[in-house]
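Engineer: 3D, please:
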Amino acid sequence: MDISPKVTELGSRILASGRIPPRAAADAAHIAIAAVHGMDFLVTWNCVHIANPANSRALGLICREQGYDCPVICTPDGLMGE
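Structural biologist: Purely as a prediction, here's the structure:
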């Protein structure tokens, strides 16, 4: 599957923010893919970079600045409730 220029641009913006380190570029791409394609949720066990509450506000702002809604990012437990 090809990654669209919109996804590449948003992923680059996420990395440039410093919220996700360059070594975790795939994590930034996951967020960008979900946002660009209008996903409501991004469910992951990756709590280091993706489902990190300290990053959620900044990631939402970056997505909105680029014209996208950031999906709700959560763990499977968070989605289903405990």
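Engineer: tell me which residues touch the residue positioned nearest the centre of the chain, please.
Structural biologist: Centroid-nearest residue in the chain: Ile31, 2.4 Å away (criterion: Cα atoms, centre = their mean). Applying Cβ atoms under 8 Å, 6 or more residues apart in numbering to Ile31 gives the contacts 10-11, 14, 20, 42, 50, 59, 63, 70-71, 73. Bear in mind the C-beta positions are built from the backbone N, C-alpha and C, glycine included.
Engineer: looking at those, which is nearest Val36?
Structural biologist: Proximity of the contacts of Ile31 to Val36 (Cβ to Cβ) peaks at Leu10, which lies at 6.0 Å.
Engineer: how far away is that closest one from Gly60?
Structural biologist: 12 Å (Cβ to Cβ, to the nearest Å).
Engineer: can you check Ala51 too?
Structural biologist: Ala51 is 13 Å from Gly60, where distance means Cβ to Cβ.
Engineer: got the contact list for Ile3?
Structural biologist: Neighbours of Ile3 in contact, by Cβ under 8 Å, 6+ apart: 29, 33.
Engineer: just checking, next helix/strand downstream of the helix or strand that contains Ile14?
Structural biologist: Assessed by DSSP states H and E, Ile14 sits inside helix 5-16. Downstream of helix 5-16, the first helix or strand assigned by DSSP H and E is helix 25-36.
Engineer: how about that next one as CSV, C-alpha atoms only?
Structural biologist: What follows is helix 25-36, C-alpha atoms only, in CSV (Å, rounded to 0.1, in the frame of the first residue of the first chain):
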residue,chain,number,x,y,z
ALA,A,25,8.4,7.4,12.9
ALA,A,26,6.1,4.4,12.4
ASP,A,27,4.1,5.5,15.4
ALA,A,28,3.6,9.0,13.9
ALA,A,29,2.6,7.3,10.6
HIS,A,30,-0.1,5.3,12.4
ILE,A,31,-1.6,8.4,13.9
ALA,A,32,-1.4,10.3,10.6
ILE,A,33,-3.0,7.4,8.6
ALA,A,34,-5.9,7.3,11.1
ALA,A,35,-6.4,11.0,11.1
VAL,A,36,-6.2,11.5,7.3
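Engineer: pLDDT of it, averaged?
Structural biologist: Helix 25-36 shows a mean pLDDT of 96.
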